[in-house]
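Undergrad: sequence below, structure please.
(chains A, B, C and D)
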Protein chains: 2
Amino acid sequence: MAKAEHAERQGNRAGAREETERAILDAAERVFAEAGFGGATMQAIADLCALPKANLHYYFASKKQLYRRVVERIFLVWLEAADSFESSATPEVALRRYITRKMDLSRAHRYGSKVWANEVMHGAPIIQDFLESTLREWTESRVRVIRRWIAAGEMREVDPRWLLYMIWATTQHYADFAHQIETLNDGPLSDAQWDAATETVCGIILRGIGIGAGR
Amino acid sequence: MAKAEHAERQGNRAGAREETERAILDAAERVFAEAGFGGATMQAIADLCALPKANLHYYFASKKQLYRRVVERIFLVWLEAADSFESSATPEVALRRYITRKMDLSRAHRYGSKVWANEVMHGAPIIQDFLESTLREWTESRVRVIRRWIAAGEMREVDPRWLLYMIWATTQHYADFAHQIETLNDGPLSDAQWDAATETVCGIILRGIGIGAGR
DNA sequence: AATGAACTTGACTGAATGGTCAGGCCTGCT
DNA sequence: AGCAGGCCTGACCATTCAGTCAAGTTCATT
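TA: Numbers count the residues shown, from 1 in each chain, chains lettered A, B, ... in the order given. Below is the predicted model of the structure:
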């Protein structure tokens, strides 16, 4: 951000570059999400951001590298959501906040979620190292937090991993399977429906682990 | 089956044909699951079932048609699982059986689940009609069953759709995100782990909707 | 054994697509 | 104004891949 401002002040060169890269990444995210890596074409991405195909190759060396950048950007968003899982709070507050945040993300970053899902489904050829380092560490740390809550009698005894998987699965489902949900719903979910779904997910999970959550 | 036996008795021609088609479909299911439609190549499928590529085109007119047949076959398996959701039983028995069945499916048909997920994520270009007809009818019928249970005070008041999505998401996650789960687990889940995960999922959901399920 | 239909397959083709490149253009600095 | 470096792009190339085909082979039937 500071870099962009600096650039802006002394000409629009660097700022324009960042803007163009972002536009390409946005288009790429959507095309990769809708067609998968193999089905996506550089031409389709170029069309979506109204740039000649050769231009994409000026900013990103190859399709693979562009894809990698897309995935990395998504991972950062994911990490941001992960931070909302605060170990200091009670399980009720922490989990409710985390689930809500993940539901929001599913709504705001539908394409990103799909790209991530695709990548993992295909064996994570690009981001295996992330899974083995950052994701693993994050998961293990939260597993310990949950174990502590259990030991303190703040929630029912449940293997933390199955609980985390359930939260990931359910929240991401609203992005990855949005098409199915919208078909069954005759259109996109309304604000009220998102709120209701979020509340229901929170409610079932919190009660499910022995926390008499609201209402 | 009767057809195959009949064929077998009067020569192995028709029987062999079915067997070959099944081999191709199995290979295709796996390749489509691992690479997506766009990333899959007929050659890769041919290699996996040890047949010359030209032979695939003798049995299936095009890549698209082969893909369609793969998806249709998966849908039949899905329907079979759907039948285990019996409206006659109590919610506890019905949901427990349904969840267990879906977890079993995720374990036995990992590739099928992935192909389905891919198809829906990409906007269901091939099976949109299924979503709008069969899936919709099935869902609406189960929604009514769940509403009846709620009206009868057998479970907490919860929008049935969010509950169903949660069950689908969680159970399918064990197939679609198997790679991620196995990375975090340092290897495939053991029998005991599958049982534990299934039990935890049942437990959280049943308690979550106000049914004091076992243990 | 003869026959013809069903099956098999190596070699080929046309189209699509990732990637390249040379030359032109614009921008900001001196 | 003039210049240098970053930026843009149409045309092109090499590869990959779905799909074809014609020439074989196998097999059930008669």
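Undergrad: contacts, neighbours, all on C-alpha from now
TA: OK.
Undergrad: and A:Ser190, how many neighbours does it have?
TA: Residues lying near A:Ser190 (other Cα atoms under 10 Å in any protein chain shown) number 10.
Undergrad: just A:Arg96 next, same as before
TA: With other Cα under 10 Å as criterion, A:Arg96 counts 22.
Undergrad: my guess is it contacts A:Ile204. True?
TA: No - with contact defined as Cα atoms under 8 Å, A:Arg96 does not reach A:Ile204; the gap is 11.0 Å.
Undergrad: closest residue of chain A to DNA strand D?
TA: At 3.6 Å from DNA strand D, A:Asn55 is the closest residue in chain A, using Cα to the nearest atom of the strand.
Undergrad: what packs against the host helix or strand of that residue?
TA: Taking DSSP states H and E as the criterion, A:Asn55 maps to helix A:53-59. Counting contacts by 3 or more Cα pairs under 8 Å, 6 or more residues apart in numbering or on different chains; DSSP states H and E, helix A:53-59 packs against helix A:42-48.
Undergrad: list the contacts of A:Gln43.
TA: Residues near A:Gln43 by Cα atoms under 8 Å, 6 or more residues apart in numbering or on different chains: A:Lys53.
Undergrad: now it: how far from A:Arg17?
TA: Relative to A:Arg17, A:Gln43 is positioned 20 Å away (criterion: Cα to Cα, to the nearest Å).
Undergrad: for A:Phe75, same thing?
TA: Taking Cα to Cα, one finds A:Phe75 at 22 Å from A:Arg17.
Undergrad: can you list the domains in chain A?
TA: Chain A breaks down by automatic domain parsing into domains covering A:1-60, A:72-215.
Undergrad: possible to save the ones you listed as a markdown table with mean pLDDT?
TA: Output for the domains of chain A, formatted as a markdown table (pLDDT from 0 to 100):
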| stretch | mean pLDDT |
| --- | --- |
| domain A:1-60 | 84 |
| domain A:72-215 | 94 |
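Undergrad: and the ones you listed: which comes nearest DNA strand C?
TA: Closest to DNA strand C of the domains of chain A, according to Cα to the nearest atom of the strand: domain A:1-60, at 3.2 Å.
Undergrad: next, the buried residues of stretch A:110-128.
TA: The neighbour-count check on stretch A:110-128 (16 or more other Cα atoms under 10 Å in any protein chain shown) flags A:110-124, A:126-128 as buried.
Undergrad: tell me where chain A has helices.
TA: Using DSSP state H, the helices of chain A run over A:2-9, A:13-39, A:42-48, A:53-59, A:63-82, A:91-108, A:110-121, A:128-130, A:136-151, A:160-176, A:178-185, A:191-208.
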